[in-house]
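*Asks:* Sharing a sequence plus its predicted fold:
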2 protein chains.
Amino acid sequence: MDYRQIAANVKSDSFKMASLPREIRDGALNAIISELDACRDEIFAANRADLEKAAEDNLPAPIQNRLKFDDHKLDDCISGIKGLAAMEDPLFRQLLKRQLDEGLTLVKTTCPIGVIGVIFESRPDALVQISSLCIKSGNCAILKGGSEAAKTNRILFDTIYRAGIAAGLPEGFITLIEDRAGISELLKCHESVDLIIPRGSNEFVQYIMANSKIPVMGHADGVCHIYVDEAADLDKALPIVVDSKTQYVAACNTAETLLVNRNAADRFLPALAEAAKDKITFRGDETSRSIMNCEAATDEDYETEYLDYILTVKIVDTIDEAISHINLYGSHHTDCIITEDADAAAYFMANVDSAGVYQNCSTRFADGFRYGFGAEVGISTGKLHARGPVGLDGLVTYKYKLFGNGHIVADYASGARSFDFKDL
Amino acid sequence: MDYRQIAANVKSDSFKMASLPREIRDGALNAIISELDACRDEIFAANRADLEKAAEDNLPAPIQNRLKFDDHKLDDCISGIKGLAAMEDPLFRQLLKRQLDEGLTLVKTTCPIGVIGVIFESRPDALVQISSLCIKSGNCAILKGGSEAAKTNRILFDTIYRAGIAAGLPEGFITLIEDRAGISELLKCHESVDLIIPRGSNEFVQYIMANSKIPVMGHADGVCHIYVDEAADLDKALPIVVDSKTQYVAACNTAETLLVNRNAADRFLPALAEAAKDKITFRGDETSRSIMNCEAATDEDYETEYLDYILTVKIVDTIDEAISHINLYGSHHTDCIITEDADAAAYFMANVDSAGVYQNCSTRFADGFRYGFGAEVGISTGKLHARGPVGLDGLVTYKYKLFGNGHIVADYASGARSFDFKDL
């Protein structure tokens, strides 16, 4: 396959895609819903074949789990697409209209990025989510999924492609790469591909970043922290720490390090050790090991994304020490303070240099669906976002502040609580 | 000098900077105005020393010109800072406030990028502009100016630093690098520096991009186009082309290639050749050379930023051919269509993949001051701008559409016309 030519064709189609009115893009989303719904049996049959192969190949249980695509997953996908179709159009939004002089008018308006290459992991629902987000936002997508989901991805792709074309999208609106060699070819297409979004291991993302001139959006690792302040309500802290660490251990927004204020440590750590004794293995600094029984933590632990039921514990004397630790060892992803002191929370949120800064809730909330975005293509720890002449607007970025009251994700995953999105 | 340690100290101060209320930042800008005003004599004396050295060293006349910093330039700087101080605060702006569930509230708010390294050319006013923009936006700046402006930069830096510190800014709010070796040291500080903005030659910017893990904002070259459509008003086209090419030949927003619709060529090119005969050297494709007398253009010409009074001319059969040429050979900076046909303009603007897409006005308008931003730190041809979970908002970028009626920058530079900013 000549990927350079394929990418050039997609680039050319991306301008057609960029000009499509909302009705065509939303119409395509609705057509995709119908087509996915009509093809359930074929999709599940393909998925069963992938699952059988995964079992034969003895793939790890978490991968086999993520691979599963059943009625429940498809219903979730469909409800996600419905939500997207109902959302405001992100395109053609006028951000500024300014007369510079009589008859000379400046308009700043939103438009798609163009061609986006997404390399994603074994979950087949990722293919559906990414394709729908790209359609809604007028981008063309070049997709490469995990090989263990090859058959499921192929049929999902065919279904979406068929429905999209019938609804009037240009041929290049999505392209599926099925061979692993295609990834390195894709990375060379910097003249046609505007953005790469890699989802996967730290090493994989680092490899992508080091081997392409194409801008990369995403994050290499997720080393998230929880800081238990001296003014923490320990009854809230306990379930938040357990949720942040164990609710889904392989996620990037899972906590890896627990920082505890010296004045809270004696009360909190024994309770945590007791509550988590069957769930979490702790590694501690010297002071915390004098309070709870665990292995010693090294400097390497502080910068490790375990993807496992391991939590590093460190005692800090002050909130400033906690903040410095997070800014030094963290990955600028999502970090949380547990405190009842609003000033401490504000200080933490202003000084922690991360995309998400939380008070009193689980780091696992860092997710597009949970933020009410419908879905996400990935989580970016980058800060950049400017185009054209860069004035003040181009010099600021944003952060997400999340104020909770002991909220944990397990309650939403279990169905005990559900989201109730409402703009204030 | 241990640049790694310097950058780490600046990083640490960047969080103090990020938390400063508007009053302190604007107060610092006003203090800087007073201090610059009070130090005119010393500043001009330093500048005279730089100018004398430049003359001794036989630096090219354009560089000597740009180096000059007199009452006029200082007044412009002061009026720019006044404008900035009066502008709305770009920080702490709430972009989203959303209840996710009872008691769980998501707030998206603007904050500074952090530490910005700016490497700029010989104009000393760049130092004043960049420092003021960074103060207003709460960023710390590490500055490296052209060595030919060393004495002027030093005294401007000292003046700004003194006023800023007295007004309550943290020590690291600006740092001046004075040795050339400092650039390569700065590029290694990816743990402390959030962004590099290089201003300079194509080769220089490419060098920076290839030699740092720090994100780079800006542009390598500016290959801007003017397309004279078949529905062009040729009385408008002529001065626009001349302005775009010659108003300031060394700028990135200067036009390098003129595309002319076949149906307009016979009328337009002879008139252009006559009007520009003392100003512009043309290089043409075969068809344009059958109409006007000039050297042959090569493929290399199409991708060259001349920084000189040379303009490539190419005849195209259709607007689509013009658009394809621009997207293939251009640098996605600023491109203009001359046409009276609103549909043709809309089509051009939707399909040209550039930060600025113009109708009937000079490409030289691509500038922060002219857009009413007060000033600019540079012009970015990148498209990226997302942080945190990336939903729809992270999948769109923006472009600037500028609708004119024959407007040229020479009229504003000469004072024949002046800007009259008004939001509509």
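*Replies:* Alright, I've got the coordinates. Numbering: from 1, shown residues only, chains lettered A, B, ... in the order given.
*Asks:* Return the backbone torsion pair for residue A:88.
*Replies:* As for residue A:88, its main-chain torsions (degrees, to the nearest 10) stand at phi -50, psi 150.
*Asks:* Residue A:313 now?
*Replies:* Main-chain torsions, residue A:313, degrees, to the nearest 10: phi -120, psi 130.
*Asks:* Equivalent analysis for residue A:91, please.
*Replies:* The phi/psi pair for residue A:91 (degrees, to the nearest 10) reads phi -90, psi 160.
*Asks:* how much space between it and residue A:135?
*Replies:* 11 Å (CB to CB, to the nearest Å). Every C-beta, even on glycine, is put in place using the N, C-alpha and C of the backbone.
*Asks:* Looking at those two, which is more packed in?
*Replies:* Between residue A:91 and residue A:135, counted using other CB atoms under 10 Å in any protein chain shown, residue A:135 has the larger neighbour count: 28 against 22.
*Asks:* Mind listing residues that contact the helix or strand harbouring that one?
*Replies:* Element membership for residue A:135 (DSSP states H and E) is helix A:125-136. With contacts defined as CB atoms under 8 Å, 6 or more residues apart in numbering or on different chains, helix A:125-136 is touched by A:25-26, A:28-29, A:32, A:36, A:69, A:73, A:76-77, A:80-81, A:84-85, A:87, A:90, A:116, A:118, A:120, A:140-141, A:143, A:145, A:153, A:156-157, A:160, A:164, A:169, A:173-174, A:197, A:199, A:374-377, B:391-392, B:395.
*Asks:* neighbours around residue A:278, how many?
*Replies:* 6.
*Asks:* One more: the one 3 residues further on?
*Replies:* Other residues within reach of residue A:281 by the criterion other CB under 10 Å amount to 13.
*Asks:* which phi and psi does it have?
*Replies:* With angles defined as degrees, to the nearest 10, residue A:281 sits at phi -100, psi 130.
*Asks:* What of residue A:143?
*Replies:* Torsion angles, degrees, to the nearest 10, at residue A:143: phi -110, psi 140.
*Asks:* For it, which residues are in contact?
*Replies:* Residue A:143 neighbours (CB under 8 Å, 6+ apart): A:117, A:118, A:120, A:127, A:130, A:131, A:153, A:157, A:174, A:175, A:176, A:177.
*Asks:* Which of those residues scores worst on pLDDT?
*Replies:* Of all these, residue A:120 has the smallest pLDDT value, namely 84.
*Asks:* Quickly note the distance from the residue lying farthest from the centre of chain A to chain B.
*Replies:* Farthest-out residue of chain A from its mean C-alpha position, per CA atoms, centre = their mean: residue A:102, at 45.7 Å. To chain B, residue A:102 is 7 Å away according to CB to the nearest CB, to the nearest Å.
*Asks:* now residue A:284
*Replies:* Going from residue A:284 to chain B by CB to the nearest CB gives 26 Å.
*Asks:* and what of residue A:159?
*Replies:* 22 Å.
*Asks:* Return the alpha-carbon coordinates of the host helix or strand of residue A:110 using CSV.
*Replies:* In the assignment (DSSP H and E), residue A:110 maps to strand A:104-112. Taking Å, rounded to 0.1, in the frame of the first residue of the first chain, the C-alpha atoms of strand A:104-112 are listed here in CSV:
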residue,chain,number,x,y,z
LEU,A,104,-12.0,45.9,6.7
THR,A,105,-13.5,43.2,8.9
LEU,A,106,-11.7,40.4,10.8
VAL,A,107,-13.6,37.2,11.6
LYS,A,108,-12.1,34.4,13.7
THR,A,109,-14.0,31.2,13.1
THR,A,110,-13.5,27.5,14.1
CYS,A,111,-12.6,24.9,11.5
PRO,A,112,-11.4,21.3,11.7
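*Asks:* what about that strand and chain B, touching?
*Replies:* Yes: residues of strand A:104-112 are located near chain B by CB under 8 Å from any CB of the partner chain, namely A:104, A:105, A:106, A:107, A:108, A:109, A:110, A:111, A:112.
*Asks:* what's the average pLDDT for that strand?
*Replies:* 80.
*Asks:* Each with direction, which strands does the next helix or strand after it pair with?
*Replies:* Next in sequence after strand A:104-112, counting helices and strands by DSSP H and E, comes strand A:115-119. When pairing is defined by DSSP bridges, strand A:115-119 lines up against strand A:140-144 (parallel), strand A:195-198 (parallel).
*Asks:* Please identify which of those strands is closest to residue B:324.
*Replies:* Closest to residue B:324 of the strands paired with strand A:115-119 is strand A:140-144 (CB to CB; 16.9 Å).
*Asks:* following that closest one, which helix or strand shows up next?
*Replies:* Next along from strand A:140-144, by DSSP H and E: helix A:150-166.
*Asks:* gap between that following helix and the chain center?
*Replies:* Chain-centre distance of helix A:150-166: 23 Å, with CA atoms, centre = their mean, to the nearest Å.
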